[in-house]
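[1] show me the folded form of this:
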Amino acid sequence: MAATTVPERTCVGCRRPAPKGELLRVARGLDGGVTVDPTGHAPGRGAYLHRDAGCVQMAFRRGGLAGALRTPLGSAEAASLRRDIEEELQA
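    From the prediction side, this is the model:
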């Protein structure tokens with residue numbers, strides 16, 4: 001029997017790999033809008049973050065989130081997205 005492999009993704013904050021299920025996905029949708037994707041299956045380009053406030057802070061400070069999503073994040077959009085991510089971390 002073949003062993004089942006667990007998909008891994010890299011956190012855009014700390015750059016450490018982790019199983020996909022342990023990370024929070026942020027997606028740039030087909031319309032260009034950036035949202036938190038709690039299901040991990042929304043269409044569009046995705047970026048992954050550990051469910052940790054330190055990784056979220058590093059992702060915004062270093063620009064890793066915008067780079068991974070290949071879209072610039074304006075200050076208002078970044079603030080709104082950060083709020084949404086922090087709300088998801090609280091849940």
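
[2] could you pull out the helices in this structure for me?
    Per DSSP state H, the chain carries helices over the ranges 53-62, 64-69, 75-90.

[3] ranking these by burial, who's on top?
    helix 64-69 (a mean of 20; mean count of other Cβ atoms under 10 Å). For every residue, glycine as well, the C-beta is placed using N, CA and C.

[4] before we move on, the earlier item: would JSON lines of the helices of the chain with mean pLDDT and distance to residue 10 be doable?
    JSON lines is the format used below for these (pLDDT from 0 to 100; distance: least, Cβ to Cβ, whole Å):
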{"stretch": "helix 53-62", "mean pLDDT": "95", "distance to residue 10": "11"}
{"stretch": "helix 64-69", "mean pLDDT": "95", "distance to residue 10": "9"}
{"stretch": "helix 75-90", "mean pLDDT": "93", "distance to residue 10": "17"}
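
[5] any chance of TSV for the ones you listed, columns distance to residue 43?
    Shown next, in TSV, are the helices of the chain (distance: least, Cβ to Cβ, whole Å):
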stretch	distance to residue 43
helix 53-62	22
helix 64-69	14
helix 75-90	18
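
[6] which one, of these, ends up nearest to residue 19?
    helix 53-62 (14.9 Å; Cβ to Cβ).

[7] nearest to residue 41, of the helices of the chain?
    Nearest of the helices of the chain (Cβ to Cβ): helix 75-90, 15.2 Å.

[8] next one: the closest one to chain centre, how far?
    11 Å (Cα atoms, centre = their mean, to the nearest Å).

[9] would you mind getting the angle between it and helix 53-62?
    Here helix 75-90 runs at an angle of 170 degrees relative to helix 53-62 (axes from the mean of the first three to the mean of the last three Cα atoms, to 10 degrees).

[10] on contacts alone, who are the packing partners of helix 75-90?
    strand 23-28, strand 34-37, helix 53-62 (3 or more Cβ pairs under 8 Å, 6 or more residues apart in numbering; DSSP states H and E).

[11] can you rerun that using 6 Å?
    The contact analysis (3 or more Cβ pairs under 6 Å, 6 or more residues apart in numbering; DSSP states H and E) places helix 75-90 against strand 34-37.
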